[in-house]
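[1] 3D model of this:
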Amino acid sequence: LAVVDRQLRHLAKGHTAPHKVFADARFLLTRFESNNELHRAMQQAFGKVFGDRLAQHPIEMTRAVEQSGRFLSSIYETDYRDMTRETWRRARASFDQAYEEFKGHLITAWDTI
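    Below is the predicted model of the structure:
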């Protein structure tokens with residue numbers, strides 16, 4: 001984590017190789033279980049290292065997420081009829097929130113390029 005933090009500070013100062021330019025970098029927690037004490041502790045630790053670069057909306061671990069990984073498909077490709085409606089909704093909500101956050105940062109960064 002210290003190496004990544006150092007690289008982010010390096011990027012923030014504008015020090016990059018001539019062929020690479022980063023307008024933004026974010027870190028997203030996946031398979032996150034909010035009721036798991038270890039996951040919450042890791043989220044806090046990552047927050048201390050990455051600050052506002054850590055995405056506010058992690059991808060929650062749900063049965064739908066487990067299945068999508070097993071079948072190598074995204075939650076958007078998973079057939080909602082293969083699980084309970086609530087499981088599918090919860091998984092979609094998690095991805096949709098993360099995507100909206102990502103999209104906001106992408107649009108902001110795109111405007112600076």
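[2] Pick out the residue nearest the middle of the chain.
    residue 28 (2.3 Å; CA atoms, centre = their mean).
[3] OK, contacts around that residue?
    55, 58-59, 98, 102 (CB atoms under 8 Å, 6 or more residues apart in numbering). Every C-beta, even on glycine, is put in place using the N, C-alpha and C of the backbone.
[4] at 7 Å what do you get?
    55, 58-59, 98 (CB atoms under 7 Å, 6 or more residues apart in numbering).
[5] Torsion angles phi and psi at it?
    phi -120, psi 130 (degrees, to the nearest 10).
[6] Looking at the contacts of residue 28, state which has the most neighbours.
    Neighbour tally across those (other CB atoms under 10 Å): the maximum, 21 neighbours, falls on residue 58.
[7] I'd assumed residue 29 was in contact with it.
    Yes: counting by CB atoms under 7 Å, residue 29 is a contact partner of residue 58 at 3.7 Å.
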